[in-house]
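*Asks:* I would like to see how this sequence folds:
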Amino acid sequence: MKEPIRIASGHGFWGDLLIAPKIQVTKGPIDYLVMDYLAEVTMSIMQKQKRRDPNLGYAKDLIPLVADILPDCVERGVKIITNGGGVNPKACAEAILQKAGELGIKGLKIGVVAGDDILDRIDEFRSKGIDFRNMETGEDVSTVAERISSANVYFGAFPIVEALQQGADVVITGRTTDTGLTLAPMVYEFGWEEDDWDKLAAGTIAGHIMECGGQATGGNFSAGWENVPGLENIGFPITEAFSDGSIVITKHKGTGGLVSQQTIKEQLLYEIGDPENYITPETIADFTTIQLSDDGPDRVKMTGVKGKPCTDTYKVSMSYTEGYTAVSTLTYTWPDALEKARAADKILRKRLQNLGLTFDEIRTEFVGVNACHGHLAALPHPVNEVVLRFGVRGNDFESVERFGKEIAPLILTGPPSVTGFAGGRPKPSEVIAFWPALIAKDAVQQSITIEQL
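*Replies:* Now for the predicted structure:
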């Protein structure tokens, strides 16, 4: 065992900066590269892809990215951990193995963590009395059961640890907690026990800092954003982890961005809910116990983290279809730009009403004026141009479709000085809604297999 181990964030979401993983692998020493690809809606998208083609259902961008960095990772001994396997981690692993073969890489072992996808088992679980009540509303899942499009259990770090113990060079998972990707190498390298609550909590919080990539190193930074250097060459965060649970967050020397107590604090506050009870499959972390201190330029040390025993349930992320939506824009210019946009809004709403169309929601935003802050926004003067963004949502497909045919006529039958009608008529898109639930840990079982050329 060596200390510290260096775990690098290479991806914060599906669509993140493509060059970041290459920089992390080649610009300095690291032991692990972790990449997060999944969000709740992502799983539904991947299920659709898999239904069209049983060989899909994973983050397709991951394959050429891994092919690009794999020779460097093999040469430097860097292990890759990612949840980019989506709803088809085995197919993802097979695609990476094919690329490895084309690159002449032999003996590569890919650990595949599966079992989180329970979409086809919902009826089975319900027959056993598992009602998947909505964690926010208390509703029984029967209200949406016929419209469920994805259902995935949030596994954590321990299945990844098992894959590493079996010799995996790359670990591909399905729906794994974002924090588990970073915690797993610490558990594996340091031999932390499943009841080392404080250490597990420290690793979990390090994972929380890492999970959004460059957001922890000066990206999307509210406090002094204008003074963050070199964002065009931003370095993603790196965790230096020690066996006692102490953590240092840093980045490669020579990269842009900033690691400071403030950048770390902003990320710590991101999507945490109750700060004293940050629940993961491994532990419940108490964010109020975190102690931060400077440890040199672009280095912040974290100590003192306390954890509590884990719960006996996993979170289940489910999605279901909830009607259709369509959105379109028109741009109105000086003079009286805002007045023209408001008039166009009234005209369009009246025409939709006269047609007898039905919607669950009609929403108007005046981009450049109040799209972010609504009625709280102070109106600028003068308004030289404004984008009218108009959207509808409802279960009646025909109404949503007809809305799309009423936008273009406003150009010649509404207020003047209008432009910006891009993309043609908006087409109805399915609305995917989120359904969070819980399931007993002993009701599901993860599987770990090793794929090898």
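
*Asks:* where does pLDDT dip in this structure?
*Replies:* Within the chain, the segments meeting pLDDT under 70 span 1.

*Asks:* could you break it into its assigned domains?
*Replies:* 5-116+154-311, 322-434 (automatic domain parsing).

*Asks:* those: which one's closest to Thr137?
*Replies:* domain 322-434 (11.3 Å; CB to CB). For the C-beta atoms, the positions are set from N, CA and C on the backbone; glycine is no exception.

*Asks:* quote the end-to-end distance of the closest one.
*Replies:* Domain 322-434 has an end-to-end distance of 10 Å (CA to CA, to the nearest Å).

*Asks:* do the same with stretch 375-393
*Replies:* End-to-end span of stretch 375-393 (CA to CA): 21 Å.

*Asks:* which residues are contacting that stretch?
*Replies:* Contacts with stretch 375-393, where a contact means CB atoms under 8 Å, 6 or more residues apart in numbering, come from 323-335, 337-338, 341, 344-345, 348, 352, 359-371, 399-400, 403, 407, 420, 431.

*Asks:* please state the offset of that stretch from the chain centre?
*Replies:* Distance, stretch centre to chain centre, for stretch 375-393: 29 Å (CA atoms, centre = their mean, to the nearest Å).

*Asks:* which parts of it are buried?
*Replies:* Buried residues in stretch 375-393, defined by neighbour count with 16 or more other CB atoms under 10 Å: 383, 385-393.

*Asks:* let me have the residues you listed in CSV, extended by distance to Trp435 and secondary structure.
*Replies:* CSV is the format used below for the buried residues of stretch 375-393 (distance: CB to CB, whole Å; DSSP: H, G, I helix; E, B strand; the rest coil):
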residue, distance to Trp435, secondary structure
Val383, 41, coil
Glu385, 40, strand
Val386, 37, strand
Val387, 33, strand
Leu388, 33, strand
Arg389, 28, strand
Phe390, 28, strand
Gly391, 23, strand
Val392, 23, strand
Arg393, 17, strand
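
*Asks:* name the nearest residue to Gly323, sequence neighbours excluded.
*Replies:* Using CB to CB, 6 or more residues apart in numbering and skipping residues adjacent in sequence, the residue nearest Gly323 is Asn395, 4.1 Å away.

*Asks:* need the domains of the chain in JSON lines with distance to Ile130, can you?
*Replies:* Below are these laid out as JSON lines (distance: least, CB to CB, whole Å):
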{"stretch": "domain 5-116+154-311", "distance to Ile130": "16"}
{"stretch": "domain 322-434", "distance to Ile130": "19"}
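
*Asks:* so which of the ones you listed is the most surrounded?
*Replies:* Stretch with highest mean neighbour count among the domains of the chain: domain 5-116+154-311 (a mean of 21; mean count of other CB atoms under 10 Å).

*Asks:* what ranges do the strands span in the stretch 251-400 of the chain?
*Replies:* Using DSSP state E, counting those that start in this stretch, the strands of the stretch 251-400 of the chain run over residues 278-279, 284-286, 291-294, 300-303, 306-308, 313-333, 361-367, 385-394.

*Asks:* so which of the ones you listed comes closest to Ala114?
*Replies:* Once the strands of the stretch 251-400 of the chain are compared by CB to CB, strand 313-333 is nearest, at 14.6 Å.

*Asks:* looking at this structure, which helix is longest?
*Replies:* Ranked by residue count and defined by DSSP state H, the top helix of the chain is helix 337-354.

*Asks:* who are the packing partners of that helix?
*Replies:* Helices and strands touching helix 337-354, by 3 or more CB pairs under 8 Å, 6 or more residues apart in numbering; DSSP states H and E, are strand 313-333, strand 361-367, strand 385-394, helix 410-413.

*Asks:* make CSV out of the ones you listed and add distance to Val141.
*Replies:* Below are these laid out as CSV (distance: least, CB to CB, whole Å):
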stretch, distance to Val141
strand 313-333, 7
strand 361-367, 24
strand 385-394, 22
helix 410-413, 42
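
*Asks:* what residues does the helix or strand hosting Ile122 touch?
*Replies:* For Ile122, the element it lies in under DSSP states H and E is helix 122-127. With CB under 8 Å, 6+ apart as the test, helix 122-127 has contacts from 118, 132, 141-142, 145, 148, 151, 439, 443.

*Asks:* and if we set it to 10 Å?
*Replies:* For helix 122-127, the external contacting residues (CB atoms under 10 Å, 6 or more residues apart in numbering) are 118, 130-132, 140-142, 145, 148, 151, 316, 318, 439-440, 443-444.

*Asks:* by neighbour count, which of these wins?
*Replies:* Using other CB atoms under 10 Å as the neighbour criterion, Ala151 leads the contacts of helix 122-127 with 28 neighbours.
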